[in-house]
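Visitor: Below is the sequence, then the predicted model.
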Amino acid sequence: MLEARSPDITRIAFRGAYYKIWDAFPSISMAEQTAEDMRKAPYPDAVANHRCKVVTVDLGRRPGGCGTGSSSRKARGCETMAMSEKTRRNYPRFSQYVLKKLREHGNKFSMADLDMRFVPYYESGERIKVKPKYGDEITGTVGVTTGWKPVFLLIRRSNSLGSSDTLGPDDEIIGEQYGRKYYPPSPRMTIPKKSDFI
């Protein structure tokens, strides 16, 4: 674990080699957890022998925002620090998705069209039944589109390309699959907020 305290550092020397500062975290423990996550399950676009050396940077504070210390981050970078370890623990799959998209798109990335009611189902992968504003009831698992302004999808069959419908605020979740039947969703389910992630 390497630690850099200056917000002006964009690379750091380690054992005779230089490493670019790729991300920033509010604590060493979060940096360590991210490194471990990447070691166990590299992002899809990473090479097979992907390795990660973590560098934590104290970005500091300034009026109206936070400092910048990573040459590979855009201004949106400071906002990802709002993601707590609790959020990452409760929603690991969606947290990694958001962080990946922020790295890809920076300030342009928008969660405006993501209906957060579907996050728990994206995490669990369980099948749900949805009543669209127009049309018949449909069932499937929750996926998400690519790009800088994604939306959730209801994927009807895992082995069928193109068989999906976009999900939004007009779609009502009316059932969760248990065995071969669908039952009303639990009223106790916690729905995360967008502010938990960015």
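Guide: Sure, I can see it.
Visitor: Can you tell me the SS state at the closest residue to Gly125 other than its chain neighbours?
Guide: Of all residues not flanking Gly125 in the chain, Thr141 sits nearest, at 5.7 Å (C-beta to C-beta, 6 or more residues apart in numbering). (Glycine included, C-beta is placed from N, CA and C.) Under the three-state scheme (DSSP: H, G, I helix; E, B strand; the rest coil), Thr141 adopts strand.
Visitor: May I ask you to confirm that Thr141 is in contact with Glu123?
Guide: No: with contact defined as C-beta atoms under 8 Å, Thr141 does not count as touching Glu123 (11.1 Å).
Visitor: if we can go back for a sec, so what's the residue count around the residue nearest to Gly125?
Guide: For Thr141, the neighbour count with other C-beta atoms under 10 Å is 19.
Visitor: can you pull the contacts of it?
Guide: Taking C-beta atoms under 8 Å, 6 or more residues apart in numbering, we find Thr141 in contact with 121, 125-128, 154-155, 158.
Visitor: Which of those are buried? Put it as a PyMOL command.
Guide: PyMOL command restricting the contacts of Thr141 to the buried ones, with burial defined by 16 or more other C-beta atoms under 10 Å:
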select buried, resi 121+127+128+154+155
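Visitor: out of the contacts of Thr141, who's nearest Phe94?
Guide: Tyr121 (10.4 Å; C-beta to C-beta).
Visitor: Excluding chain neighbours, what is closest to that closest one?
Guide: Val142 (4.3 Å).
Visitor: quick check, Asp165 in a helix?
Guide: No: read with three-state DSSP, Asp165 is strand and lies in no helix.
Visitor: my read: Ile128 touches Gly140, true?
Guide: Yes: between Ile128 and Gly140 there is a contact at 7.3 Å, judged by C-beta under 8 Å.
Visitor: shared neighbours of these two, which are they?
Guide: Common neighbours of Ile128 and Gly140 (C-beta under 8 Å, 6+ apart) are Leu154.
Visitor: For Asp58, report the pLDDT, please.
Guide: On the pLDDT scale, Asp58 is placed at 46.
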